[in-house]
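# 3D model of this:
(chains A and B)
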There are 2 protein chains.
Amino acid sequence: MAEKFISDRNLKFLLYELNDTEALLKYPRYADHSREVFDMIMNTAMRMGKDLFWPLFEEMDRQGPEYTNGEVKVHPKVRDIMRECGAGGWIAATFPYDLGGQQLPFTVGVMVPTAIFGAANYSAAVYHGLTHGAAGLIVSYGTQEMKDTYLPKMIAGEWQGTMALTEPQAGSSLTDLTTTATPTDQGYYKIKGQKLFISAGDHDGADNIVHLALVRIKDAPPGIKGISLFIIPKKRILADGSLEFNDVNCAGIYHKLGYRGAPITQLAFGENDDCRGYLVGEANKGLGYMFQMMNGARIDVGLGAACIASAAYYASLEYARERPQGRKLTSKDPLAPQVPIIEHADIKRMLLFQRAIVEGSLALLVQCGLYEDLEGVTEGEEHENYNLLLELLTPVAKTYPAEMGILSCSTGLQILGGYGFCEEFPLEQLYRDVRIHTIHEGTTGIQGMDLLGRKMMMKKGKAAQLYLAEVRKAIKEAEEDAELKPFAEKLTAAVAQLEKVTAHQFEVAAKQGPEMFLADATLYLEFFGIIAIAWQWLRQASAAKIALQKNPGEADTNFYNGKLVTCRYFFGYELPKIEGLADRLLNGDGLTVTMKNEYFED
Amino acid sequence: MAEKFISDRNLKFLLYELNDTEALLKYPRYADHSREVFDMIMNTAMRMGKDLFWPLFEEMDRQGPEYTNGEVKVHPKVRDIMRECGAGGWIAATFPYDLGGQQLPFTVGVMVPTAIFGAANYSAAVYHGLTHGAAGLIVSYGTQEMKDTYLPKMIAGEWQGTMALTEPQAGSSLTDLTTTATPTDQGYYKIKGQKLFISAGDHDGADNIVHLALVRIKDAPPGIKGISLFIIPKKRILADGSLEFNDVNCAGIYHKLGYRGAPITQLAFGENDDCRGYLVGEANKGLGYMFQMMNGARIDVGLGAACIASAAYYASLEYARERPQGRKLTSKDPLAPQVPIIEHADIKRMLLFQRAIVEGSLALLVQCGLYEDLEGVTEGEEHENYNLLLELLTPVAKTYPAEMGILSCSTGLQILGGYGFCEEFPLEQLYRDVRIHTIHEGTTGIQGMDLLGRKMMMKKGKAAQLYLAEVRKAIKEAEEDAELKPFAEKLTAAVAQLEKVTAHQFEVAAKQGPEMFLADATLYLEFFGIIAIAWQWLRQASAAKIALQKNPGEADTNFYNGKLVTCRYFFGYELPKIEGLADRLLNGDGLTVTMKNEYFED
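Coordinates of the predicted model:
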């Protein structure tokens, strides 16, 4: 198996050369830290990725969770991984000191390890990741008693946290949730209902499971205005600290295409009318709270996809360098030795595609991470602006890596030919693992409607204006460089297309209503995403040019030249895809709105 | 599980309304047949598909082949399937009467059952399919003795046929084959060497395995000019008809992403210096012979992909009609009942995508099948023209369905959301099964070079001219119809683009040599393929319009209206993709040729 799954060199480029993550150190919250601390975190994460996560990549897939007698048994190493993540401070990295955290920026404390662990073994990395997200909700909205009760065990990796939203009749449609909380006079609610597709919703690697669940309080208003956030532990905590079963039963697990190292569960709350739930924050405001975790989870999903694609890229690259096959097209001698397939233009094209997706996606994700960090330490309009940028780009940073990660892993598999299809090489597993990301935490269809129907309209389009200003800043910088100027011009043209297409969509909305407006929202998201990644590639090229002027060593020179070639690849091969998309978006005829169900007959 | 995996209504449309398959009946070879015979064949195949193949779809995947003690054990029903295919005449359907065949056209006798069985259960359909291909080589090039020895058992489905090309050091590069045949004075050769990735290369469902293998005779010229075709049975046939082990050992099988119902084997010939092979035809002409089977196999691969995508389409359609989720965007009442997801525009778009790929691909494949049938019954220039059209379109008919079949199954999986990722629904298996088709029988990269580097140049571009004439014929017909005229105009513009891009590629070839010329051959193939499918959709729309003029019943009216909408979909959503591809192909900068290996460093 390939030795490499992610490039820490590239992560450093993204943090310190493409962006100025060190600038966060000037804010009081991060004043205790330093570049050395950040580097140490990355180095430790790389070591854990290599030593703890990567060796279990294949094994956890082959020995997936088992469900017997109402219990879910996972790979025995899951317990160790959770404990090590707890002991290493990874679950609470961004939490304040007084809650047991390390008060690190999200970009460094969460994104870096999530990227590294996820590239090494995506399934193994979700256990503590979900626990971080669930604990974060308690940090933000829980009472002091809740913090005291749950956080220490969760932060230590002893208890698993989950986000429990989906129900049998309500997948994408949260408005239809029916799990019910009935008030009691004991300070808790009685919970009844079912949740489906809950990641890590039950397993023997944790001593307790703490569900952060969306539930409807009895007689609450219908729709999303009647949804509340509850803590529902699998085992409730008695006054003496001992645990008592809380009538949360696991009804089964799903057998899945990939992502097999983590159990996805069906849960039944209150089958024996003895399930207690604890209201978090105010009643009927649950969806708003949950979106803290949901937005984080969407960034995580994009990151997971980019990192699986990263592992695929390095596995294909290694194979392409080692596998001899065929000769240069200019060589006609059948007795000449075969060349490694990386010598063939078509193989290099595929590797450049993989690299363009992986590093373009990671750049956009780190950009989002920084907006989140800056949002957290600024105030007033600055704070709002970072929030708007993050909100706008979240569906893009979730979807572009997820959709293109699938194609990127598929391309990686293709490079290996028949071997790519076989279990001896990691590509087939990576291809299976990456397929979940366009589905969970909101499908691509949902993200498209979120971007076009909500985020682009938000605050009268202010988020979009802020975003375009960021893109234009990158264009302006690149224009100064003769080599990059043609790319800056292409991006300028693409931005003009984006404005034209967007204006057209709003016109459709005004004249033809929401169905016509959002019919091709998925295509709009694809179109928007390609331009956003072009922006990030232009920024990377500018950073590489600056670095090259300082005459770096050979390895760095190759790295920066690779960035420049990959930027050229993106502008040459990927950006032109917006032409066909713009054609469609500007000439929509409502085909998919008017198409009749019965025309699918035959 | 969904009840439907393919539409025989659509197959009849392709055979009798889009094309005039009955016209074959006027040729002496097919004079005994009739439309009734053709229909009966389709009906029988549909019944076998439903009763024999489909029920084993999941089971054969879950209970894949096992390799123990040098033997390959497959699902016990494989033996029954092979025998039933033999008894039903499916293996020899196209062979002449005097060799035990039914002398049917390829389109009816092979494509129809291959499509139906492949949609029902792709893995189960390859055993007899490969046997048909291997037996076909013996029919074409074998001696009478070979025909007497092998054909009856193969045609009966008692012996398995294979095509054995790939070797450890020679996947795409057949010039590097090293398996060796040493002449003896006994009329046979002694064979020594290894073959990899041989489908159905060993299993207990057949009493013998007959390998049609490419082998280099000792001291033959290097390269592809020194390759000969051999029959190498696993068990050789003694004078008394009994079987004796022929030193063909199975060294193992591959564990694969999908297509798990069929074993892919590693074979060792002559480990004990006792493997006998029998030369087919003339020495050193093996590659030319093998291309009969290879070309057929490439069409089969395209068909296999289209049919797996067909099963995915019907499974998604069924789910989309049954699954309630969300409400129309115009409905704001959270208490209104949820609607089936097929009511959402984005779901209809995805279903139209699936249908456009499946039925567009099938139309192109049937077109190729008819060219093959017409080539077989015509002479002189007409014969040559059909041959050229088939040669030109083979890489397209292999690759478009294979590449787009992957995306089509992925889209189908997406429609099911989380359930698409789970084993309870067939999508995840179809998604795994379909992934092989861009790899086996020549990867997409190889097909691209074949199309641009060989087929477009062949006979001074005569094949391309014949093809463009066919497309223009379809445009002319559609122009007569006011509703179709806009599509005819779009296709006219696309053809002009194709000519422009092609001329540019030839200019690059002349000025910059073969590496620059073929660097983006894969993109050229994609570009060419989209236009070819647009051609087939325009033809289908014309046929549907004609049929609608006859006021058909409700079901047929829906079917034809569905064809028209899917044509609109293709021209609105898929054809515009050529714009970005043309942009790239016209502005190639040699990026992938000049990109240095070390720039992938970091």
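
# CA atoms for contacts and neighbours, from now on please.
Fine.

# Who are the contact partners of the closest residue in space to A:Arg29 that isn't next to it in sequence?
Leaving aside its sequence neighbours, A:Arg29 sits nearest to A:Gln103 (C-alpha to C-alpha, 6 or more residues apart in numbering or on different chains; 6.9 Å). By C-alpha atoms under 8 Å, 6 or more residues apart in numbering or on different chains, the residues touching A:Gln103 are A:29-30, A:93-97.

# secondary structure class for A:Gln103?
Following DSSP: H, G, I helix; E, B strand; the rest coil, A:Gln103 is assigned to coil.

# is it true that A:Tyr188 touches A:Arg276?
Yes: assessed by C-alpha atoms under 8 Å, A:Tyr188 is found in contact with A:Arg276 at 6.1 Å.

# Those two: who's more crowded?
Neighbour count, other C-alpha atoms under 10 Å in any protein chain shown: between A:Tyr188 and A:Arg276, A:Arg276 has more, with 28 against 16.

# Wait, the more buried one touches A:Ile191, no?
Yes: counting by C-alpha under 8 Å, A:Arg276 does reach A:Ile191; the two are 5.9 Å apart.

# Find the residues that touch each one of these two.
Common contacts of A:Arg276 and A:Ile191 (C-alpha under 8 Å, 6+ apart): A:Gly270.

# which regions of chain A lie under the pLDDT threshold?
Applying pLDDT under 70 to chain A picks out residues A:1-2.

# same thing but 90
For chain A, the stretches flagged by pLDDT under 90 are A:1-3, A:168-175, A:291-294, A:329-335, A:601-602.

# Close to chain B: what parts of the stretch 401-550 of chain A are there?
Residues of the stretch 401-550 of chain A found near chain B (C-alpha under 8 Å from any C-alpha of the partner chain) are A:414, A:417-418, A:421-424, A:428-429, A:435-436, A:438-440, A:443, A:445, A:513-515, A:519-520, A:522.

# what about A:Phe13, neighbour count?
Neighbours around A:Phe13, by other C-alpha under 10 Å: 19.

# I'd like the contacts of A:Gln103 laid out as a markdown table, including neighbour count and secondary structure.
Formatted as a markdown table, those follow (neighbours: other C-alpha atoms under 10 Å in any protein chain shown; DSSP: H, G, I helix; E, B strand; the rest coil):
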| residue | neighbour count | secondary structure |
| --- | --- | --- |
| A:Arg29 | 16 | helix |
| A:Tyr30 | 17 | helix |
| A:Ala93 | 22 | coil |
| A:Thr94 | 22 | coil |
| A:Phe95 | 23 | coil |
| A:Pro96 | 14 | coil |
| A:Tyr97 | 13 | helix |
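
# How about A:Ile475: what's its closest non-neighbour residue?
In space, A:Ile475 is closest to A:Ala488, 5.0 Å off (C-alpha to C-alpha, 6+ apart).

# Does that neighbour touch A:Arg472 like I think?
No: contact criterion C-alpha under 8 Å: A:Ala488 and A:Arg472 do not qualify, at 9.1 Å.

# who has more neighbours, the two?
A:Ala488 (26 against 17).

# Return the residues in contact with that one.
Going by C-alpha under 8 Å, 6+ apart, A:Ala488 touches A:475-476, A:478-479, A:538.

# any idea how far the residue of the stretch 51-200 of chain A found nearest chain B is from B:Trp90?
With C-alpha to the nearest C-alpha as the measure, A:Ser173 is the residue of the stretch 51-200 of chain A nearest to chain B, at 5.3 Å. The gap separating A:Ser173 from B:Trp90 is 49 Å, by C-alpha to C-alpha, to the nearest Å.

# between the two, who's got more neighbours?
The neighbour comparison of A:Ser173 against B:Trp90 (other C-alpha under 10 Å) goes to B:Trp90, with 25 against 20.

# Let me know the secondary structure of that one.
Criterion first, three-state DSSP; result for B:Trp90: coil.

# And it, how far from B:His132?
The gap separating B:Trp90 from B:His132 is 8 Å, by C-alpha to C-alpha.

# what's the answer for A:Ala87, then?
62 Å.

# Mind checking which of those two has more residues around it?
Each of A:Ala87 and B:His132 has its neighbours counted (other C-alpha under 10 Å); B:His132 has more, 27 against 14.

# Could you check which helix or strand contains the more buried one?
In this structure, B:His132 is located in helix B:122-141 according to DSSP states H and E.

# Could you list the buried residues of that helix?
For helix B:122-141, burial by neighbour count (16 or more other C-alpha atoms under 10 Å in any protein chain shown) applies to B:122-139, B:141.

# Now do the contacts for the nearest residue to A:Glu574 once chain neighbours are set aside.
Nearest non-adjacent residue to A:Glu574, counting by C-alpha to C-alpha, 6+ apart: A:Ile530, 7.3 Å away. Neighbouring residues of A:Ile530 by C-alpha under 8 Å, 6+ apart: A:400, A:574-575, A:577-578.

# what about A:Ile530, which SS state?
helix.

# Would you mind measuring from it to chain B?
Distance, A:Ile530 to chain B, using C-alpha to the nearest C-alpha, to the nearest Å: 13 Å.

# Okay, helices next: where are they in the stretch 251-400 of chain A?
Listed in chain order, the helices of the stretch 251-400 of chain A (DSSP state H, counting those that start in this stretch) span A:286-322, A:345-377, A:380-415.

# Please dump these into a markdown table; it should also carry mean neighbour count for every row.
Listed next are these as a markdown table, based on neighbours: other C-alpha atoms under 10 Å in any protein chain shown:
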| stretch | mean neighbour count |
| --- | --- |
| helix A:286-322 | 24 |
| helix A:345-377 | 24 |
| helix A:380-415 | 24 |
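
# Tabulate these in JSON lines, adding columns for distance to B:Leu466.
Formatted as JSON lines, those follow (distance: least, C-alpha to C-alpha, whole Å):
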{"stretch": "helix A:286-322", "distance to B:Leu466": "39"}
{"stretch": "helix A:345-377", "distance to B:Leu466": "29"}
{"stretch": "helix A:380-415", "distance to B:Leu466": "32"}
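
# Surely A:Ile81 touches A:Leu52?
Yes: A:Ile81 is within contact range of A:Leu52, at 7.3 Å (criterion: C-alpha under 8 Å).
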